[in-house]
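>>> here is my input; please provide its structure:
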Amino acid sequence: WEADAAGLDQLSGLAASARSLVLDAGVPAEIAEAVRSAYQDLGDNVPVAVRSSATAEDLPFASFAGQQDTFLNVAGVDAVLDAVSRCWASLWTDRAVAYRTTNAIDHATVALAVVVQEMVNSATAGVMFTANPVTGNRYETVIDASPGLGDAVVSGAVNPDHYVVNSQRGAVVTRVLGDRQVEIRATPGGGTERVERPLPADSAVEPCLSDRQILALAKLGPAVQEHYRAPQ
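Alright, predicted model coming up:
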């Protein structure tokens with residue numbers, strides 16, 4: 001494949017065909033029954049997050065963050081099964097196929113599992129790094145957070161609050177507040193909504209995490225890092 005317009009069109013067409021094949025195949029009966037049983041054990045139409053987890057994610061040289069799809073606040077077993085199917089199909093999104101091609105990852109070697117987790121209707125959410133991803137400093141924990149569900153931060157839809165913690169001293173050393181112009185919220189009965197916010201005046205901006213919350217999160221980081229034996 002060559003990275004010209006014709007090559008991109010050909011790649012996009014192949015990806016669309018792959019997605020269609022996966023969606024048309026549906027969820028095999030045995031797996032559908034297992035999903036139904038597990039979902040019903042949670043309770044009556046409990047909202048869940050249906051997340052993709054591909055074998056090529058979080059490699060030392062390629063993160064794949066956001067390349068496959070996640071569906072938030074999914075309620076009802078039929079909706080969950082549909083989201084599972086769409087998660088599988090998202091192994092073949094245009095962006096995932098292009099990313100694998102760029103990183104020379106064989107498409108035939110990848111597979112995708114689906115994780116279903118009970119939703120937390122978060123007041124604030126985001127991402128934490130146990131080592132500074134910009135400088136490589138192993139003694140700095142970096143937290144990006146914004147009001148609402150974490151999808152706004154992960155997808156890059158919002159400029160989040162940015163906090164850096166010196167993990168040796170247990171002190172917040174950097175605090176940069178984002179403009180928070182976008183918030184993703186769960187909607188009653190399932191699904192999410194994107195809320196656009198006006199740019200606030202500087203004097204009106206408050207951190208979405210308190211120092212106490214920031215430091216509590218930073219204390220969790222080393223435990224996770226120790227478990228996986230590498231920065232996370």
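
>>> where are the low-confidence patches of this protein?
Within the chain, the ranges that satisfy pLDDT under 70 run 1-8, 56-66, 199-204.

>>> swap in 80 and give it another go.
When residues are selected by pLDDT under 80, those of the chain lie in 1-9, 55-67, 197-205.

>>> scan this protein for its longest helix.
With DSSP state H applied, the helix covering the greatest number of residues in the chain is identified as helix 5-25.

>>> give me the contacts around that one.
1, 85-86, 88-94, 96-98, 101 (Cβ atoms under 8 Å, 6 or more residues apart in numbering). To be clear about C-beta, it is placed using only N, CA and C from the backbone, and glycine gets the same treatment.

>>> how about stretch 129-137?
Judged by Cβ under 8 Å, 6+ apart, the contacts made with stretch 129-137 from elsewhere in the structure are 138, 140-143, 164, 167, 221-222, 224-225, 231-232.

>>> what's the most distant pair in the residues you listed?
Across the contacts of stretch 129-137, the longest distance by Cβ to Cβ is 17.6 Å; it joins 164 and 224.

>>> now the contacts of helix 5-25: which count as buried?
85-86, 88-94, 96-98 (16 or more other Cβ atoms under 10 Å).

>>> got CSV for these, with distance to residue 132 and secondary structure too?
Converted to CSV, the buried ones among the contacts of helix 5-25 look like this (distance: Cβ to Cβ, whole Å; DSSP: H, G, I helix; E, B strand; the rest coil):
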residue, distance to residue 132, secondary structure
85, 38, helix
86, 35, helix
88, 35, helix
89, 36, helix
90, 30, helix
91, 31, helix
92, 34, helix
93, 30, coil
94, 32, helix
96, 27, helix
97, 31, helix
98, 28, helix
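
>>> can you list those residues in TSV and add distance to residue 48?
Compiled in TSV, the buried ones among the contacts of helix 5-25 are given as follows (distance: Cβ to Cβ, whole Å):
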residue	distance to residue 48
85	15
86	14
88	16
89	18
90	17
91	20
92	23
93	21
94	26
96	23
97	27
98	29
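
>>> from those, which single one is nearest residue 114?
Checking the buried ones among the contacts of helix 5-25 against residue 114 by Cβ to Cβ gives residue 88 as the nearest, at 6.8 Å.

>>> excluding its backbone neighbours, what's nearest the closest one?
Computed as Cβ to Cβ, 6 or more residues apart in numbering, the closest residue to residue 88 that is not its neighbour in sequence is residue 22, at 5.2 Å.

>>> among the contacts of stretch 129-137, who's most crowded?
Each of the contacts of stretch 129-137 was scored for neighbours by other Cβ atoms under 10 Å, and residue 141 scores highest at 28 neighbours.

>>> partners of residue 128 in the sheet?
Per DSSP bridges, the residues bridged to residue 128 are residue 143.

>>> torsion angles phi and psi at the residue nearest the centre of the chain?
Nearest to the centroid of the C-alpha atoms of the chain, with distances taken as Cα atoms, centre = their mean, sits residue 154, at 5.4 Å. According to degrees, to the nearest 10, the main-chain angles of residue 154 amount to phi -60, psi -40.

>>> thought it was touching residue 145?
No. Applying Cβ atoms under 8 Å as the test, residue 154 and residue 145 come out as separate, 11.3 Å apart.
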